[in-house]
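K.L.:
Just need the structure, nothing else, for what follows:
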Amino acid sequence: MTYPDYHFTEGEIILIDKPSDWTSFDVVNKIKFALKKNYGTVKIGHAGTLDPKATGLLILCTGKKTKDIQQIQDAEKEYTGTFFLGGTTECYDSEKPVNQTFDISQILHEAILKCAESFVGVQEQFPPIHSAVKIDGKRAYSLARQGKEVAIRPKQITIRTFEITGIELPLIHFRVECTKGTYIRSLAHDFGKRLNNGAYLFALRRTKIGTYSVDDALKLEDFVQSLPPVQP
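P.N.:
Numbers count the residues shown, from 1 in each chain. Below is the predicted model of the structure:
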């Protein structure tokens with residue numbers, strides 16, 4: 001993706017391939033600072049947060065395009081990634097250490113494929129305790145860090161496609177198409193439970209949001225470098 005004409009103050013949609021170990025807000029702040037050097041203060045926001053460990057498509061909107069954020073957030077998403085079978089973590093991904101292990105020696109590939117098929121359709125899904133879901137006005141992760149009991153209500157989501165793209169136990173590679181609000185970390189956790197075992201999200205990459213694709217996104221540093229030099 002290139003920007004032959006820059007209208008960030010008026011309104012642009014920016015597609016970034018978020019690197020791992022950056023929060024979505026880290027990316028927004030870096031671009032906000034870079035734009036400010038070239039164009040002055042630019043209104044900017046992002047559509048759909050990615051967890052720090054996740055990579056892939058992050059959409060930022062500037063100027064009048066910030067009005068499109070909600071519509072973009074509501075669009076369906078596509079993810080690819082990897083589950084780790086035979087262990088669980090408190091946060092359902094690899095940000096925290098494994099807190100329980102399971103024997104996977106009896107789990108057959110056929111059972112894994114059937115398990116994936118069983119998730120296709122409308123589902124009641126519980127978001128992770130370590131998530132940004134609000135409970136009585138407070139973030140669930142904030143309550144969890146304080147050691148408080150977190151009572152999260154399930155949300156209705158729809159899994160359009162759940163394709164197992166590779167099995168290299170304990171790793172299971174997948175591609176998922178789903179509706180807004182789906183937590184892939186919860187999907188990993190539920191996948192393990194449905195196999196009477198345990199699983200957590202080992203790797204995740206968001207590849208599409210609606211009609212936008214990560215194939216058209218720029219690396220963060222490439223985007224910053226693509227901006228015109230600051231005039232003295």
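
K.L.:
Return the set of buried residues in the longest helix anywhere in the chain.
P.N.:
Scanning the chain for the helix with the most residues, using DSSP state H, yields helix 24-39. Buried residues in helix 24-39, counted by 16 or more other CB atoms under 10 Å: 24, 27, 28, 30, 31, 32, 34, 35, 39. (Glycine included, C-beta is placed from N, CA and C.)

K.L.:
Identify the residue with the minimum pLDDT among those.
P.N.:
On pLDDT alone, residue 39 ranks lowest of the buried residues of helix 24-39, at 86.

K.L.:
which one of the buried residues of helix 24-39 sits closest to residue 128?
P.N.:
Within the set of those, residue 24 lies nearest residue 128; the separation is 16.4 Å, counting by CB to CB.

K.L.:
ok, now which ones touch residue 201?
P.N.:
With contact set as CB atoms under 8 Å, 6 or more residues apart in numbering, residue 201 has these partners: 81, 82, 83, 84, 92, 93, 94, 184, 185, 187, 188.

K.L.:
Highest neighbour count among those?
P.N.:
In terms of neighbour count, residue 188 stands highest of the contacts of residue 201 at 28 neighbours, by other CB atoms under 10 Å.

K.L.:
Which parts of this structure are helices?
P.N.:
Counting by DSSP H, the chain has helices at residues 24-39, 69-73, 109-118, 140-145, 184-194, 220-226.

K.L.:
What helices and strands are in contact with the third one?
P.N.:
Using 3 or more CB pairs under 8 Å, 6 or more residues apart in numbering; DSSP states H and E, the elements in contact with helix 109-118 are strand 155-168, helix 184-194.

K.L.:
Could you rerun that using 10 Å?
P.N.:
strand 77-85, strand 155-168, strand 171-178, helix 184-194 (3 or more CB pairs under 10 Å, 6 or more residues apart in numbering; DSSP states H and E).
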